[in-house]
Structures are given as structure tokens and as C-alpha cells.
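Asker: Quick one, structure for this:
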Amino acid sequence: MSGTMTQNLLVELLVEELPPKSLQKLGNSFAELIAANLRVHGLIADDAENKAIKVYATPRRLGVWIADVASQAADKSVSQKLMPVKVGLDEHGNPTPPLLKKLASLGADAAVVSQLKRVQDGKTETLFLDSVVTGTRLAEGLQGALDEAISQLPIPKVMTYQLSDGWESVNFVRPAHGLVALHGADIIPVEALGLRSGRETQGHRFAAKNATIQLHDADSYAQQLSAEGAVIAGFEARQTEIMRQLNEAAARENLVLLQDDALLSEVTALVELPNVLVGQFEPEFLEVPQECLVLTMKVNQKYFPLMDTDGKLANRFLLVSNIRPSDPGLVVEGNERVVRSRLADAKFFFEQDRKKTLESRLPGLDHVVYHNKLGTQGERIQRVRVIARSIALLLGGETLADEAGKTSLLAKTDLLTEMVGEFPELQGVMGYYYALHDGHSETIAQAIEDHYKPRFAGDTLPRNTVGVCVALADKLETLTGLFSINQIPTGDKDPFALRRHALGVIRMLIENELPLSLDFLLKEARLAFGDKYPDTAESPLQFIYDRLAGSLREQGYQIQEIDAVLSLSPKILRDIPKRLEAVRAFEKLPEAISLAAANKRVNNILEKDFRQNANIGLANPGNIRLDVGLLKEFAEQVLYEKLETVKSQADTAFEASRYTESLQALAALKEPVDTFFDQVMVNTDDADLRANRLCLLNLLHQAMNRVADLSKLVR
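Answerer: This is a model prediction of the structure:
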């Protein structure tokens, strides 16, 4: 970058109102794409820090400020490979036609032949042309960067609109009306979306001092927009200001702000000059479940609900206006009138829904299609009921099974209510309130709400055992059914959220420490489908293990530790954390590396024997018939005696789920195992001795690999 003039650069696209849920992503992408392209052209230093880039994004603009951008990139020395000497030069050293043609394509002629370098390229002597390429000028580099950024923006939906000439059309996220490109105080001549760059932009539609703002230079952008245009240009700065005002307003009301990061980001993308105001509604609306009111305010109106210190919804809310009138009364009154209408709708839905019991809605589920290959919701809840009862019988007997069965039948009935029809996000939640209204127990009501849990990463699990049974059944039915019709997630596509369902099953089994086998659960799920489950259908078992492996990696476990445990396909998932901790403790033993290596050696010997002879091998533990009388060598006798003692200790600890103790007992085998491999020939010519020694190794292999496959620990 030396030898060139560097100044700070500003680029801004002025557009019509951008989609709020995409604004932050669009702003960041616009800035990153332009900076990356300028860096490729050598107009920004490769080691420029991220803090040298500022992103600007408001509802009406995308902008980026970049420090120390060169007016022209430094010249580059390049060495161009041409062709072998024997092809490019004749016997007299004169250029051949192919060489002259190649030089012409590079903008050179015969005059440079004497300057060509001869370089030994492997076994061939080759001609190279050294030249200097003039560095890219900023106008040229920025034009390319701008074109690339506009074409690569992650636009959710493209608009096609006509330019001012009335003939040409362009595609962009929203119609663009202005383009600024300033290098210091100088305008960089570039074009985009039918616009030519300048230094003129616009401030707030209503609060700006002037209709247009003439920017002095790149560095004055944010300050001028704030002072003259009444706009906070930075997304994060605007978000911080909104949060400050929200907290101050809540404190003045002696209430608590209901935090919602997604709503905060969306509101930040809707305003350029945030102004937080307090509104209220009639206390009678608080008779409606607060989840309904909160969702109505947040989704429909983008308001921030306020709670009292007990966590109950107050009849006041905060709104973020985009204007700051001297008298905000009219703004507040207008918003209160709108929210009053919304809350009245919610109250009406709630009152109408309670006129019918959940049980009376059951026949209606027979007319709701779940999947055209898997039947209706009515058929589905019968399958969930069968699976839930099977799980409940194991966990708590007939009483729990009856509760789980009743909950399964009622769990989806709120899908037919007016409230859930208006707000699908409330499915389960409304089932809870309507179940209590119908006289069902708190346990069943909670289970109806919780059977969707966990809905997302970090979500809570069902609060009671009935909820756990139904939630497991619901997710297992979904996984089994969709796998049976080959609706298996591929790549990033997972339209039925099967990865989330699998993780939900995993979390409930592990975190609730349930003594349930995956084999049992998936078998019960298959049986629930009856004749609809094809024999050729793929099982979701491996899919669940894959999700488990990913989850464990996110928790900080090493890949080799996970492989060591999961390669045994343990069916009781609650034991897996204990097994992993046991492996970690084992790895710290001084004998660990040697035993893991020996285990891998044993594994290889047995696999090779099985492949060649189908004799002993890993797949035939039932074939083990060790003859103690054939243990001829002292080293194998010692190993057998030690193995008998250690195996007893390790097995006792294993059966008691004391996995760390079970693995640590194996440390005593290090010396006899090492001695065995040093002194005993396994593949001896004597067939009986060889078979007996393979039996001994198979016993060793089984003893060492109950908690985890230790061979996986060998890096």
C-alpha cells in the first residue's frame, strides 16, 4: 500500500423501506462484500482489522465506511509462463509463430523476446515473461465491488422496477434513489441500479432539518445524518438507544420490560429516529391468558409488553415511534386504539373457544390431513397414544399410562380453536388453558402444553412425567413416520424439523435419566403404525446417533471420546455422559495409551481372522471356547489369570454403572498384555493353539470394550 494515497471511503445506497427482518443481514453483507472485493484488488491492506469497517443500515439505506482505502493499488510484478523453449524459439533463437501469437495475446511483441527468462520447469526448459501490472484504480475497483455486492446480497425477495427513463428495468430488494461514494471529500465516479454517485443523501422523512444533505466527506457521514437528518445511521447504535429508552420508560412505570431480542432487532430496522412512548389498555383484557396478549402486542403491533415484579402482565406497553412530536398524545392514542381492537379480537376468540370442550373437538381431527401418506391428525394421535402408553407403563405403570393416553388424545385438539388458528405459535399453550377450563388436572394440562417441548435449542423440557411420555411419543411418531416414507433430511433442508425432534428425544432421555432403550422406543413406534410401516423403511436410529454426536461435540467432548462411546451404539442414552466422563478419566491414566494401542491391535487381529476364516472374530463371541490346558506359554497363562480377576472387577463396576471404576480396573492389564505380545506368537502354525489364543484375545477384547471402544482413543 506504500506509495499510494489512502483516505477513508464511504459508500451509501439510499432506497425505499427495506424488509425489517432482513435489514441487519443485508447491511452486514453489503459492507463485507464491498470490503472483501476492495481487498482482493489491493485497495485495502490484507491485514486491515474489522474495526476499520463501519456498517450503516437503516430502513432507507445501506452504507459502509472503510478506513485507509488507497486511490490506486500498488503495481504488481508478475511472471507469466509461456511455453517450452524448443517450441517458442527455433534453432537460431528466433521467435516462432506460436510464441509471437502468445506475446500478442499478452499485449507484447517480438521486441521483448530478448528479455524472456529461461527457467528449468521440471525436465523442460521453459520461457517466462516478467512484467509489471499497473495497480487497480479505486474507481475501477469500487465499481466492480459495488456490482458484486449488489448481485450477491442475500435478498429474500427481489423487486423489478423501472428506472426514471421509463425504459430500462432493474432488480433489487427495493427501488434505489441515491448513491454516495466518497473517498475523503472526493466523489468516486461509479454507477449502480441506474444511479450515478454523488455526495447527496436524505435524512429522516419528517424530522430532518433539510430535505437533502450535502455530505462534506466520508468521515462526516454519521454526524451529519444525526445533526441535519435526525437519523441514527448505525444499526447497533440505534438498537442501543432503543434499549436505553425502553429500560428508562419501564423504570418510570415501576414495571419490568419483557425482553425479546428478535423484536428489538425488528423494531430497530423499522425506525431511524427512535422515540419510546408508553401506552395502556383496559384491565379487563387481562382476563385473557397473558401469552395471547403478549403475542398479539409483539407480532401484530411490535409493542414491548411490561410485567409487574411477580411476572404478571401489566395493562401497559411500550411502543417505539419513528417521530418525536412535541405532543406525543395523538401517537399514543392512535396506537392504543389499534391495540384495543387487537386485544378485543383475542378476548372474543378466547371466550368462543371455551364454549366447546377439547374432547368435543376430537372428531374434527379426523378431517385434518397430517400427511397425505400418513393420514389425518386423528390417526396420528391414536399412534401417539399407543406409543405414550407403552412408555408410561415402563416408567410408572397403569395409572401413568392412563394419564398419558388421555393427554395424547387431547394434545392436538387446540389446533381446531379460533385462538390457535389466529396464532399458531400458541398451540399447546391454549390447550393448557382450555384443559383446565374443562376440568382436567393440572398434570394433564401441563402435559398438553409441554408435549411440544423442547421446541428449540435451550428450551425447557416437559415439567412432569406425563408430559415426557407424550412428548417422547409425539417425536418418535414423527421420526418413524417420516422415515417410513423416505422424508429424510438432506443437507440444510429439514422441512419437518426432524433434527430438532431427534435432539428432543435425546435431551429427554439423557437429562431425565430415563431407563429406556432406543431399540424399545423405536420398536414401539414402528408397531404403532401397524401395516402402514413398510419392512424396507429406514430406521431413524443412526440419524439419532448422528444428532447425539453433534450435540456432544457442541458440549466440548473430543471427537475420539465420542467415537469411543458411540461406536458401541449404547441403547440407554442416560448412561452416555457417565461413559464419556469415564473415558476422560481413563485417558489420564499412565497405562491408557498402551492399553488403547493394544486394544486396537487385538481388534485388528480378530477382524482379520474373521475375514479370512469366519472363525473366532468380533462377530462371533458365542464361538468362544477357551481351553485353559492349551495355554502353553507362561505369558498367556499370566494374562488369562489376570484377565479373570480384572474382568470380574470391571464387570461388577459396569453392571452398577460405575463406568470410571470399570475402566480404571483395566489398568492392571497393561503389563501382562505388553508381555503377551512381546513373547507369544498368536498366528502360530499350530491351528489349535492359534484358535485358543484368538479366544483369549476375544475375551480380552470384550473385557476392555464394555464402556467404550478404547481403540478409538488411538490418534
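Asker: same question for the longest helix along the chain, mean pLDDT?
Answerer: Secondary structure of the chain per DSSP state H: the longest helix is helix 377-410. Averaging pLDDT along helix 377-410 yields 96.
Asker: Return the list of helices and strands in contact with whichever helix or strand comes after that helix.
Answerer: As assigned by DSSP states H and E, the chain's next helix or strand after helix 377-410 is helix 418-422. Counting contacts by 3 or more C-beta pairs under 8 Å, 6 or more residues apart in numbering; DSSP states H and E, helix 418-422 is packed against helix 329-353. C-betas here are computed from N, CA, C, even on glycine.
Asker: residue contacts, Ser517?
Answerer: With contact set as C-beta atoms under 8 Å, 6 or more residues apart in numbering, Ser517 has these partners: 571-572.
Asker: quick one: it and Pro672, what's the gap?
Answerer: For Ser517, the distance to Pro672 equals 35 Å [C-beta to C-beta, to the nearest Å].
Asker: list the buried ones in the longest helix of the chain?
Answerer: For helix 377-410, burial by neighbour count (16 or more other C-beta atoms under 10 Å) applies to 377-392, 394-395, 400-401, 403-410.
Asker: Quick check: phi and psi on the residue lying farthest from the centre of the chain?
Answerer: Most distant residue from the mean C-alpha position of the chain: His92, 66.5 Å away (C-alpha atoms, centre = their mean). Reported as degrees, to the nearest 10, the phi and psi values for His92 are phi -100, psi 0.
Asker: Ok, the one 5 residues further on next?
Answerer: Main-chain torsions, Pro97, degrees, to the nearest 10: phi -50, psi -40.
Asker: Distance check, it against Thr490.
Answerer: Distance from Pro97 to Thr490, by C-beta to C-beta: 54 Å.
Asker: Could I get the full set of helices for the stretch 151-300 of the chain?
Answerer: Here the stretch 151-300 of the chain has its helices, by DSSP state H, counting those that start in this stretch, at 221-227, 235-252, 261-268, 290-295.
Asker: sorry, that was for the stretch 551-700 of the chain
Answerer: 559-566, 576-587, 592-613, 634-655, 659-665, 670-679, 687-704.
Asker: what about the stretch 551-700 of the chain, any weak spots by pLDDT?
Answerer: By pLDDT under 70, the low-scoring segments of the stretch 551-700 of the chain are 610-624.
Asker: where does the stretch 251-400 of the chain dip in pLDDT?
Answerer: If you take pLDDT under 70 as the line, the stretch 251-400 of the chain has no such spans.
Asker: For Asp688, give me its contacts.
Answerer: Here Asp688 is in contact with 627, 630 (C-beta under 8 Å, 6+ apart).
Asker: Next, work out how far apart it and Leu630 are.
Answerer: For Asp688, the distance to Leu630 - C-beta to C-beta - is 6 Å.
Asker: repeat for Ser711
Answerer: Ser711 sits 26 Å away from Leu630, going by C-beta to C-beta.
Asker: quick one: which of those two has more around it?
Answerer: Ser711 (22 against 15; other C-beta atoms under 10 Å).
Asker: Show the model's pLDDT score for the more buried one.
Answerer: So, for Ser711, pLDDT stands at 87.
Asker: would it count as being in a helix?
Answerer: Yes - the assignment for Ser711 is a helix, going by DSSP: H, G, I helix; E, B strand; the rest coil.
Asker: Looks like it contacts Ala596 (just checking).
Answerer: Yes - if you go by C-beta atoms under 8 Å, Ser711 and Ala596 touch, sitting 6.4 Å apart.
Asker: quick one, what contacts the nearest residue to Leu14 once chain neighbours are set aside?
Answerer: Residue nearest to Leu14 in three dimensions, not counting chain neighbours: Gly178, with 3.3 Å by C-beta to C-beta, 6 or more residues apart in numbering. With contact set as C-beta under 8 Å, 6+ apart, Gly178 has these partners: 12-14, 195, 198, 200-202.
Asker: same thing but 7 Å
Answerer: 14, 195, 200-202 (C-beta atoms under 7 Å, 6 or more residues apart in numbering).
Asker: Among the residues you listed, which one has the most neighbours?
Answerer: If you rank the contacts of Gly178 by neighbour count (other C-beta under 10 Å), Thr201 sits at the top with 27 neighbours.
Asker: quick one: that residue from His177, how far?
Answerer: In terms of C-beta to C-beta, Thr201 sits 10 Å off from His177.
Asker: Please enumerate the shared neighbours of the two.
Answerer: Leu14.
Asker: distance between the ends of stretch 609-627?
Answerer: 19 Å (C-alpha to C-alpha, to the nearest Å).
Asker: oh sorry, the question was meant for stretch 475-493
Answerer: 18 Å.
Asker: next one: stretch 693-713
Answerer: 25 Å.
Asker: Please identify the buried residues of that stretch?
Answerer: Buried-residue list, stretch 693-713, by 16+ other C-beta under 10 Å: 693-701, 703-713.
Asker: Please tell me how far the closest residue to Glu148 other than its chain neighbours sits from Val64.
Answerer: Spatial nearest neighbour of Glu148, excluding adjacent residues (C-beta to C-beta, 6+ apart): Asn37 at 5.2 Å. Separation of Asn37 from Val64 (C-beta to C-beta): 11 Å.
Asker: Understood, closing this out.
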